[in-house]
Structures are given as C-alpha cells and as structure tokens.
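J.: Here is my input, please return the structure:
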Amino acid sequence: MAVSSAAPLRREFRILIAALIVFLGALIVTLFTLAVSILRMDRLGSTADEARNAVAPLASRGSRGDLEARLRILCAENDITRVEIYRGNALYAAAGQPVTSAEVITRPLPDGTMLFYFDASRQLGGRRNALIVGALATLATIAGLLILTLYLPRFVRPLEEMLVHAQQLGAQTRGDHDARYLVDSFREAVERIQHQAQELDHLRDAASTRTPDVRELARALNRSFTSGFLAVDATGAVVAINDAGREILGIAATAQAESITLNALAPSFTTIVRESLETRVALSRREVLLEATESLIGVTTVPLFEESMFLGMFALFTDLTSFRAMEGRLRDLENLVGLGQMSAGIAHEFRNSLFTILGYLKLAQRTAAEEPAAKIRSAEQEAQKLATAVDALLNFARPLQIRSQRVRVDEIVSAVVDRFSAATSDVAFSFESAGPLELNGDRELLERAFENIVRNAIDAVRQRHPAGGGTIDTRIAIDPHPAITVRDNGVGVDPEQASAYLLPFQSGKPHGFGLGLPLARKIILHHGGTLSLTGAPGEGACVRIEFFP
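T.: Model prediction:
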C-alpha cells in the first residue's frame, strides 16, 4: 500500500536526481573542455606571427643594430624570453637571455628563419591550475551525489508516510501530483478538526447548562472511596453503593443498587440516613451500632444542592469496631500500668511488715506456753496466707517479658483443655475449632492465661454442681476475626459486677484472691486482644477473647 501510494512522489524525485546528474555531468565536461581549450589555445603562435610580421622589413633591409633593438622591444612587450634570426645556418641577430626550459616556435623569413623562445614553466603552471579546477569540480560532483543518495530518503520517507495517512483519511481522490494532494489533505484535516472543536464547544456549553444528575456524580465517585459509600436521590431511592459499603451493611455483592431500598438496610443506619435526607442537613461522625453484626460504624452525610435545587445525598461510613476495640485496649493497658504501679508499692510495704510479723511470731512460739503457742501458730498461718496474696499481687504487678514467636493458639487451647479434662472427672469438657489460629506471642504466657480462665470456670461449675454435671464448652472462631470463647454452666455472674471481676482481689470464690482472671486479661491485652466477661446469676458465665489485626 505504501509503495504504490508513494510511486508518483518517488518518480518525481528520480526525475530530479536524473536532472541533477545530467547537469553536473555537463558541468564537468564543460570544465574539462575549457581546460583543454586553454591548454591548446595557440597564443604563442599568434604572438610569434605578430612579432615576425613586425620584424620582417628590418630583417631584410635594416641594419643589424636596429634589428636587435627591435627584437629587444618585442621581447619586453610580448613576454618572449629570447628571439634569434638566422640567415642560412648562421645566427644573424638575437635578443633576450637563453632559458633551459623553454618552448621554441619557429617562423620562416624571406631570407632566413626566426626562432621565438617562451618560458615553459608558466605554461606548466596554467596546465596544473586547469587540472586542479577539473579535479575539484569532479570531487564536488561526487560528494553532491553521495549526499543526495544518503539524505534524500530521510526527507522522502516522512512525506511518503504523510501521503499514506492522507489516503487513510479519505480526503480526496489521489492524482499524480503528490504535493498538491498532500496540501489539500492537510487543509481538509485542519478544517475537520476545527469543525469538531466547534462541536465540542457546543456540547460543553450544553453540558454546563444541564442540571447534574446524582447518578453520574455517584458513578464518578463510587470507585474513589475505600470506606463505605452510599448515594440516594432526592426521593430517597438508592442509586449507588460500593463494595466496601455492601460488606459493612451485609448486602449481597450481586444485588443491583436500584433494587436496594433504605428500609432493607439496618434500622439504625436507615434512621441516620433518613434524618439527614429529610432535614437536608449534613451529619458528621455519627456512630451507629448495627444490630445484625453488632458492629459499630461511623456515618457522615453530605446533602447535594445545585443552586436552590436539592439533588440527593451521599453517605460515607466506616467500620469503627476494631478502632474502638483498640482504644479500649489502650485504656485497659494504661489502667493496668497505673494499677500495677500502685499494687507493687502496696505489696512491697505489706511484704516488709509481714516479714517482721512472721519473725516476731516465730520468736514468740519459742517462749510461749502451749495454749498461747497455738494461737500464735494460727496467727502465723493467717500471715502466711497474706504473704501468699502479696506474692500473687507482686506477680500481677510485675511487667511482662514477652518472648514473641509464631504460635498456634488453637493447639495451646486444645492442650490446656485436654490436660484439665484428664485431671477432672466431675466436669465435662468440649472443644471445637473452626481452623488453625496463628499469631505472634509468648507460648508460656498464653498457656498460663488459658489455664487461669479454665480453672475459674471449673471452680464456678463445682460451686453450682458439687455432685457433678458441670460442663465447659470451648470454641475457636476465625471469621470475621479470631475469637475464643469459654462458656460454663456454673454459678454465673452479675452483669453489673462482671467488669469488677477483671480487677485484682475481686473474686466470687470463698478462698480466692481474685488475681487469676485479671492476670489472664493482662496477658491477652499485651498480645493485641481483648478479654470480656458476660453471664447471668445461675446461668453460667462466658469469657470471650478477641484478637484484632
């Protein structure tokens, strides 16, 4: 296609190159002809003839002195090196100096012979100059041809491509005159572009006067948000919702936005959206609890207006459950730090005093009678119990040294349940895991936390079922986030007192110190999780551990 399209253009360039070659060849021939004509031009012969004609009368009738004087004048005027006149074979008269490299021309006289000597070096210089001029002209011609051969295609190729593209535009029927065809195609393309530009200006003006559609705005913004995005029009119909919003609100991914109604969404979320839609007032950072998933989300609404016309509303929302859990963990850790510092100070003071009391009691036993000694031993036993409680409090207040590694939490929990199940015959254990649960943590500390939780559950079950019949159900869930629940059918807890049992020395057991569950909570908090206690009196209790990314 390209070759056939470019044939007329190439033919014109071939004609141009041929004309240049003919012109340069003619120039070379002319230069060489001129040089040869210069070399062959018989200027010396003409000079010799003129000199002979001028001297011939004196040579036949004049005196020898006059003849030599005339010869000297001829040599000076005509650039002759030497002139000699012979009569017979004898030299009759001469003028000028002899030259070794001279060119000699002989002319006859009525009664003798006349010889003219010219300097040959001047003739050789002229010949050399003529040859140099011819060589330079030849080299210039060859260089011009090489330049045309090498660089002319670089200029021809873009023109050929432009001709091909011009034919693709379908501007007009191509003739033999490529230049005219290319100019006409370019002019027609410019006119077409100008016409399209005018049409675009008209469309832009028409679009600027048209009322914007909330659906178009929603489609433009739908992919721009990583949080939940919902768009409703002025009538309250849902026109767009992104994938993140579907996941947060629990809407199927295949459901069309037009088929979703506000009434089908979570009631608490629908209430916020309708409030902003009816009042047409923006709401910022309103927190809503979704009843179905128990997730806490933050909602912000943005009403849309075009001058005085209400177009609809956008709602942006995000899941705050993990953020609130993180804030709760940070507060609990701060409380534990403060509580640990206070507990450590009190425990140290108690410990010092207890050691003094125990020392005095041991000394008193040595000198006391039997009855006072028994009372002293009872006092010593109570002091020992108090010392044990102080040691436990110090262990709780001591900072945790976590040796983090990748551990299987489900294997740790299963091992703890199996160990208690083998050692406890009056309580039935069950364990179920939805899959492997891995996280970075300290195996020994996590095992101690689960042991404290299971031990508390066993004590609560035995309080309610002293003759047996207690059950402890342990489950591990993976979705939506890792969680471990330990549920028992023991004495239960008062919901109002449940949070108090997570603090030291808050125990419902007759002889407990109330440090097992707080220590387990401290370990879980340091592993990025939360521990909560729920239940009801006489209906058992549930300890739930959740880990958040």
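J.: For the stretch 251-400 of the chain, give me the ranges with low pLDDT.
T.: Residues of the stretch 251-400 of the chain meeting the criterion pLDDT under 70: 323-355, 358, 360, 363, 365-371, 373-375, 377-378, 380-400.
J.: the strands in it, which residues?
T.: 286-290, 295-306, 309-319 (DSSP state E, counting those that start in this stretch).
J.: buried sites along the first one?
T.: Applying a neighbour-count criterion of 16 or more other CB atoms under 10 Å, one finds 286, 288, 290 buried in strand 286-290. Where C-beta positions appear, they are placed from N, C-alpha and C, glycine not excepted.
J.: what's the distance between R464 and A54?
T.: 164 Å (CB to CB, to the nearest Å).
J.: List of residues touching stretch 404-415?
T.: 431, 433, 435-443, 446-447, 450, 474, 476, 482, 484 (CB atoms under 8 Å, 6 or more residues apart in numbering).
J.: List the ones among those that fall in strands.
T.: Cross-referencing the contacts of stretch 404-415 against strands under DSSP state E gives 431, 433, 438-441, 474, 476, 484.
J.: beta partners of the residue nearest to R87 when sequence neighbours are not counted?
T.: Among residues not flanking R87 along the chain, G112 sits closest, at 4.1 Å (CB to CB, 6 or more residues apart in numbering). Beta-bridge partners for G112, by DSSP bridges, are L109.
J.: how about G112, what does it touch?
T.: 59, 85-88, 92.
J.: one more time with 10 Å, if that's ok
T.: 59-60, 85-93 (CB atoms under 10 Å, 6 or more residues apart in numbering).
J.: before we move on, back to that, to T534, which of the strands of the stretch 251-400 of the chain lies closest?
T.: Set against T534 and scored by CB to CB, the strands of the stretch 251-400 of the chain come closest in strand 286-290, at 16.5 Å.
J.: Pull up the pairing partners for the closest one, direction included.
T.: strand 295-306 (antiparallel).
J.: Can you check what angle separates the partner strand from strand 309-319?
T.: Interaxial angle, strand 295-306 versus strand 309-319 (axes from the mean of the first three to the mean of the last three CA atoms, to 10 degrees): 160 degrees.
J.: Tell me the helix or strand right after whichever strand or helix holds A76.
T.: Using DSSP states H and E, A76 falls within helix 64-78. Counting by DSSP H and E, the element after helix 64-78 in chain order, helix or strand, is strand 82-87.
J.: can you list the strands of the stretch 251-400 of the chain in JSON lines and add distance to V427?
T.: Shown next, in JSON lines, are the strands of the stretch 251-400 of the chain (distance: least, CB to CB, whole Å):
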{"stretch": "strand 286-290", "distance to V427": "36"}
{"stretch": "strand 295-306", "distance to V427": "35"}
{"stretch": "strand 309-319", "distance to V427": "38"}
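J.: looking at it, L230 is touching S276, isn't it?
T.: No - using CB atoms under 10 Å, L230 makes no contact with S276, being 11.1 Å away.
J.: Could you tell me which residues touch both of those two?
T.: Joint contacts of L230 and S276 (CB under 10 Å, 6+ apart) are 299, 301, 313-315.
J.: In a markdown table: those residues, plus neighbour count.
T.: Formatted as a markdown table, the shared contacts of L230 and S276 follow (neighbours: other CB atoms under 10 Å):
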| residue | neighbour count |
| --- | --- |
| V299 | 22 |
| T301 | 23 |
| M313 | 23 |
| F314 | 21 |
| A315 | 22 |
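J.: picking up where we left off before, type out the ChimeraX command that picks the buried ones from the contacts of stretch 404-415.
T.: Here the buried members of these are turned into a ChimeraX selection, burial being counted by 16+ other CB under 10 Å:
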select :431,433,437,439,441,442,443,446,447,450,474,476,482,484
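J.: Select, from the ones in strands among the contacts of stretch 404-415, the two members most distant in space.
T.: Maximum distance among these (CB to CB): 23.1 Å, for F431 and N440.
J.: Which parts of the stretch 101-250 of the chain are helices?
T.: 120-169, 178-209, 214-222, 243-249 (DSSP state H, counting those that start in this stretch).
J.: can you tell me which of those the model trusts least?
T.: Looking at the helices of the stretch 101-250 of the chain, the lowest mean pLDDT belongs to helix 214-222 (a mean of 58).
J.: and the gap between T271 and V299?
T.: Taking CB to CB, one finds T271 at 10 Å from V299.
J.: residues shared between the contacts of these two?
T.: Jointly contacting T271 and V299 under the rule CB under 10 Å, 6+ apart are 286, 288.
J.: Verify the stated contact: I476 with E438.
T.: No - using CB under 10 Å, I476 is not in contact with E438, being 11.7 Å away.
J.: Could you tell me which residues touch both of these two?
T.: With CB under 10 Å, 6+ apart, I476 and E438 have common neighbours 409-410, 482.
J.: What is the nearest of the residues you listed to P495?
T.: Of the shared contacts of I476 and E438, the one sitting nearest to P495 (CB to CB) turns out to be P482, at 25.1 Å.
J.: per-residue confidence at the closest one?
T.: 90.
J.: could we number from 29 for the rest of this?
T.: OK, 29 is where the count begins now, so the last one is P510.
J.: How about it, nearest residue that isn't a chain neighbour?
T.: F575 (4.4 Å).
J.: surely that neighbour meets P508?
T.: No - here F575 does not reach P508: they are 11.7 Å apart, not a contact under CB under 10 Å.
J.: More neighbours: which of the two?
T.: F575 (18 against 12; other CB atoms under 10 Å).
J.: For that one, give me its contacts.
T.: Neighbours of F575 in contact, by CB under 10 Å, 6+ apart: 353, 437, 465, 467, 469, 509-512, 552, 555-558.
J.: T452 is in contact with V482, correct?
T.: Yes - if you go by CB under 10 Å, V482 and T452 touch, sitting 9.5 Å apart.
J.: More neighbours: those two, which one.
T.: V482 (26 against 17).
J.: returning to that earlier point: how about the backbone phi and psi for the residue nearest to P510?
T.: phi -110, psi 130 (degrees, to the nearest 10).
J.: what's the spacing between it and R434?
T.: Distance from F575 to R434, by CB to CB: 14 Å.
J.: And K390, by the same measure?
T.: For K390, the distance to R434 - CB to CB - is 50 Å.
J.: Enumerate every residue touching the nearest residue to L530 once chain neighbours are set aside.
T.: Leaving aside its sequence neighbours, L530 sits nearest to R549 (CB to CB, 6+ apart; 5.3 Å). For R549, the contacting residues are 360, 364, 477, 480-481, 529-531, 557-561, 571, 573, by CB under 10 Å, 6+ apart.
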